[in-house]
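S.K.: Fold the following.
(one chain, ligands or ions: 2)
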Amino acid sequence: MTKSTNSAILTAHGLTKSFRSGSEEVIVLDDLSVEVQAGEFVALVGESGSGKTTLLHLLAALDTPTKGEVYFDGRRLSEFRADERALYRNEKIGFVWQMHYLLPEFSALENVAIPQLIRGCRMNDAQARARELLAEVGLENASHRRVGEMSGGEQQRVALARALANHPAILLADEPTGSLDYRTADRVVDLLENLHRTHHLTSVLATHNLDLARRANRTLRLANGKLTEWVVPIVR
Ligand SMILES: Nc1ncnc2c1ncn2[C@@H]1O[C@H](COP(=O)(O)OP(=O)(O)OP(=O)(O)O)[C@@H](O)[C@H]1O
Ligand SMILES: [Mg+2]
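M.R.: Numbers count the residues shown, from 1 in each chain. Ligands and ions are numbered 1, 2, ... in the order given. The predicted structure is shown next:
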């Protein structure tokens, strides 16, 4: 197995991603490289359409690059067998989607238990962990509620609990405060920061929320297919 030469937990090297749009080739990520150290809290900002979701999908092995490579713990994702890729997505990565993709007909508890059952966890253990995580995100009294009947902020918290269900090393979150009002977004930002710390995560969060970006160890801005370090402006 080819190893990268550094100690970063997640590395993108020379990453290019293009999409075909009719006869045109649209280059979204253009020879982009980045290293994320274990334990880092990284915010990813950039205008709508700049490629944040595209980059997160490549880091999560949900899509493959046109060129370049992603390394997890020094191992090339492109060399993972199909079962290793599935394991990587299910156990190493916790993903919070831009649209959360919870199962609306199922309860919060079931939504958090299901990824564990897929991993082969016993029902009792999966439910116990789901209860614990739902309590951590402040939904201890809502575990039986159908997700489709919950508010946007509550659903976002269920999505966070679900992302952590299988003890991931890395949390990738795509606009975790996107559809929330200012006050609820604030609470989710606090929660993300706490979960990052207590679960010893490495977090990469795509966001338009400057409060969230300000709390990160490092903020990277995606523009014209490239990443640059960005200092979040102070708004008074
Ligand atoms: N599967 C696809 N096929 C074709 N084009 C795509 C595909 N996925 C993304 N794109 C294009 O790639 C560009 C980047 O999209 P992406 O969703 O990564 O942006 P983003 O930074 O996440 O935007 P937002 O802030 O609105 O979520 C857009 O122009 C989009 O239309
Ligand atoms: Mg996006």
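
S.K.: And the strands in the chain?
M.R.: 10-21, 24-36, 41-45, 67-72, 75-76, 93-96, 170-174, 202-206, 218-223, 226-229 (DSSP state E).

S.K.: The fourth one relative to strand 170-174, how many degrees between them?
M.R.: What that stands for is strand 67-72. For strand 67-72 against strand 170-174, the angle by axes from the mean of the first three to the mean of the last three C-alpha atoms, to 10 degrees is 130 degrees.

S.K.: contacts for strand 67-72?
M.R.: 4, 8-16, 31-33, 58-59, 61, 76-78, 88, 92, 170 (C-beta atoms under 8 Å, 6 or more residues apart in numbering). (C-beta placed from N, C-alpha, C; glycine too.)

S.K.: give me that answer again for 6 Å
M.R.: 4, 11, 12, 13, 14, 15, 16, 58, 59, 76, 77 (C-beta atoms under 6 Å, 6 or more residues apart in numbering).

S.K.: how far does that strand sit from the chain's center?
M.R.: 17 Å (C-alpha atoms, centre = their mean, to the nearest Å).

S.K.: Any idea what the spatially most central residue of the chain is bridged to?
M.R.: Closest to where the C-alpha atoms of the chain average out (C-alpha atoms, centre = their mean) is residue 172, at 1.5 Å. Taking DSSP bridges as the rule, residue 172 bridges to residue 95, residue 204.

S.K.: Report the separation between it and residue 105.
M.R.: 26 Å (C-beta to C-beta, to the nearest Å).

S.K.: Kindly list the longest helix within this protein.
M.R.: Longest helix in the chain by number of residues, with DSSP state H as the criterion: helix 182-198.

S.K.: list the helices and strands that helix packs on?
M.R.: Judged by 3 or more C-beta pairs under 6 Å, 6 or more residues apart in numbering; DSSP states H and E, the packing partners of helix 182-198 are helix 210-215.
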